[in-house]
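> Here's a sequence, model it:
(one chain, ligands or ions: 1)
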Amino acid sequence: MPPEEVRKVPAEPAIEESGLSRRSLIQRAGVIGSAVAAGVALPAIGTAVPEAVAAQSTPVAATPVAGDLTMPPDIPPWMQVWGPLPSEYGARSPFEDGVVRMPSKTSSRTPLQHLTGTMTPSSLFYERHHAGIPAIDPALHRLLIHGMVERPMVFSMDDIRRFPSISVIHFMECSGNSGSEWTEESIAKDVQAGFGLVSQVEWTGVPLKTLLAQVGVDPSATWILAEGADAAGMTRSIPMDKAMDDALIAYAMNGEALRPENGYPVRLFLPGWEGNASIKWLRRLKIGDQPWMTREETSKYTDLMPDGTARQFTFAMEAKSVITYPSAGHKLTGPGFWEISGIAWSGRGAITRVEVSTDGGETWTDAELQGPVLPIALTRFRLPWTWDGNPARLQSRATDDTGYVQPTIAELVAVRGVNSNYHMNGIKSWAVSADGEVTSAWG
Ligand code: CO
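This is a model prediction of the structure:
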């Protein structure tokens, strides 16, 4: 490469770099504005540049070593050579390789402690399987709709994609999410282990009612059996009201085909309902007039109450919230300004309010909700906080547009007991010690 090329190349990234800096300054100004409005005085954040370095007008073409970066004005190695060329399918920076799902034999959990905003990258969407991930050839996959219908029909993927489609942003949560939090002895070590079975994407597909209109549903039908094409033959009974409301036959997430672990090539998606009912790898819908009482809605996915009876077909995920920053594993490096942030959601509608406590629930302050606040969607909340350096106990409490307020764990246990692992939506606590360590706490 000629020397002039070497000199020219850094010029373009340098311009972009300065553009990024401006955006970053604007973003920071926004945060400051919000914090100032809330009466929080921000200390200087960042590292002051020594006068001798700031006075240098000519960039130093030195190769810095890690830990000795006094930029500017040093020119780092990545400004001195062409980088890799554009690629066919993107990958994140290798420096982000530590942000990963937490896999076990039957599930993997979303690293909520590392995510921002409200959307989950497809590669980090949680998983729950009952017999692994089937390797389905979409050209061979079929969806059968039969039972109490005028015209039983089979649809190929090409058929399904010809129908008018919609795209919707909704969370999905496993009803076993936070099952660790029912007792103090069993609490999870961090937000990923305890709350990582919730994720959110933009889903695209065909409303189920569109396909049901094709087959002509018997007016006396009240239930639908949904069956997956995995080796578990996963089956759940779905009330007809939900099927005719917002149920979706989804084939895409975040703008591209579903990932295999999330139901490729097609799945049922039931907004706001426990994830298990949104049958993945959907191959059959049978229309009937009563539930089928499958294994997954009798011995599993029912809620055993203190008196020995069981709640059954508890589909909706109630309002819930959790602080993701700071949370267990994070460390506050000193007293002063910190932004408390987390996510809230409700399977019954939109989040209308999130309150945050830093003293274990004695006092509460309304957090700011990041808009647009969508129904049945993860909602980011933020609260500027000046930590005084004393031990603190962080909690969040969500309210949805039905007026439902997220309960304490004690209130939930008083009603449900601790026989069942499902549908835990009690208030979560994080303990901050005087040295800034954040750990999982209960009650
Ligand atoms: Co349930």
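
> ok, the residue of the stretch 251-400 of the chain at minimum distance from the ion - how many residues close by?
For the stretch 251-400 of the chain, the residue closest to the ion is Thr314, as judged by C-beta to the ion, at 3.4 Å. C-beta: built from backbone N, CA, C; applies to glycine. Thr314: 18 surrounding residues under other C-beta atoms under 10 Å.

> what's the closest non-adjacent residue to it?
Of all residues not flanking Thr314 in the chain, Asp303 sits nearest, at 5.6 Å (C-beta to C-beta, 6 or more residues apart in numbering).

> Which strand residues bridge the residue most central in space within the chain?
By C-alpha atoms, centre = their mean, the chain has its centre lying nearest to Ser199, at 2.7 Å. With DSSP bridges applied, Ser199 shows beta-bridge pairing to Met172.

> Make 617 the first number, not 1, from now on.
Okay, using 617 as the starting number, the last item reads as Ser815.

> so it touches Glu743, yeah?
No. Between Ser815 and Glu743 there is no contact under C-beta atoms under 8 Å: 9.3 Å.

> distance of the closest residue to Ser943 other than its chain neighbours from Leu759?
Leaving aside its sequence neighbours, Ser943 sits nearest to Val807 (C-beta to C-beta, 6+ apart; 4.4 Å). Look at Val807 and Leu759: by C-beta to C-beta, to the nearest Å, they are 37 Å apart.

> Those two - which one has more neighbours?
Val807 (29 against 22).

> Identify the residue spatially nearest to the residue in the stretch 667-816 of the chain positioned nearest to the ion, adjacent ones excluded.
Nearest residue of the stretch 667-816 of the chain to the ion: Ser791, at 4.4 Å (C-beta to the ion). Closest residue in space to Ser791, ignoring its immediate chain neighbours: Glu890 at 3.5 Å, by C-beta to C-beta, 6+ apart.

> Tell me the confidence at the one you found?
In this model, Glu890 is scored at 98, pLDDT.

> now do Ala657
Taking Ala657 on its own, its pLDDT is 67.

> contacting residues for Val716?
Pro727, Leu740 (C-beta atoms under 8 Å, 6 or more residues apart in numbering).

> Model confidence score at it, please.
pLDDT, read off for Val716, is 98.

> all helices of the protein, in order?
With DSSP state H as the criterion, the chain has helices at 619-653, 667-670, 773-778, 807-811, 824-831, 856-860, 1025-1032.

> Sort out which residues of the last one are buried, please.
Going back to what we said before, that points to helix 1025-1032. Buried residues in helix 1025-1032, defined by neighbour count with 16 or more other C-beta atoms under 10 Å: Ile1025, Leu1028, Val1029, Arg1032.

> Give me the distance between the two termini of stretch 987-1005.
Stretch 987-1005 has an end-to-end distance of 31 Å (C-alpha to C-alpha, to the nearest Å).

> in it, what's buried?
Within stretch 987-1005, the residues scored as buried using 16+ other C-beta under 10 Å are 989-1003.

> any idea of the mean pLDDT for it?
pLDDT averaged over stretch 987-1005 gives 97.

> got it, and stretch 790-804?
Mean per-residue pLDDT for stretch 790-804: 97.

> Using CSV, list the CA coordinates for it.
Presented in CSV, the C-alpha positions along stretch 790-804 are these (Å, rounded to 0.1, in the frame of the first residue of the first chain):
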residue,chain,number,x,y,z
CYS,A,790,-41.9,-18.8,30.1
SER,A,791,-44.4,-19.4,32.9
GLY,A,792,-41.5,-20.9,34.8
ASN,A,793,-39.5,-17.7,34.7
SER,A,794,-38.4,-16.5,38.1
GLY,A,795,-39.5,-19.9,39.6
SER,A,796,-36.3,-19.7,41.7
GLU,A,797,-37.7,-16.7,43.6
TRP,A,798,-40.5,-18.5,45.5
THR,A,799,-38.3,-19.2,48.5
GLU,A,800,-35.2,-17.4,49.9
GLU,A,801,-33.2,-20.6,49.8
SER,A,802,-33.7,-21.0,46.1
ILE,A,803,-33.1,-17.5,44.7
ALA,A,804,-31.1,-17.2,41.6
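
> Off-centre distance for it?
18 Å (C-alpha atoms, centre = their mean, to the nearest Å).

> and if you look at stretch 906-924?
27 Å.

> Which residues does it contact?
The contact list for stretch 906-924 (C-beta under 8 Å, 6+ apart) reads 746, 791, 838-839, 841, 850-853, 890, 892, 926-930, 1032-1033, 1035-1036, 1038-1039.

> Can you check the pLDDT for the closest residue to Asn1006 other than its chain neighbours?
With C-beta to C-beta, 6+ apart as the criterion, Asn1006 has its nearest non-adjacent residue at 6.3 Å, and that residue is Ala1050. pLDDT recorded at Ala1050 is 98.

> what's near enough to touch Ala1050?
Under the criterion of C-beta under 8 Å, 6+ apart, the neighbours of Ala1050 are Gly1005, Asn1006, Pro1007.

> what about the last one, distance to Ala1047?
Meaning Pro1007. Remark: distance between Pro1007 and Ala1047 (C-beta to C-beta) = 7 Å.

> Give me the more crowded residue out of these two.
Neighbours were counted for Pro1007 and for Ala1047 using other C-beta under 10 Å; Ala1047 has more, 16 against 11.

> Give me the spatial nearest neighbour of the more buried one, chain neighbours excluded.
Using C-beta to C-beta, 6+ apart, the closest residue to Ala1047 is Ala1057 (4.1 Å).

> Would you enumerate the residues in contact with that neighbour?
So Ala1057 contacts Ile803, Arg1009, Ser1045, Trp1046, Ala1047 (C-beta under 8 Å, 6+ apart).
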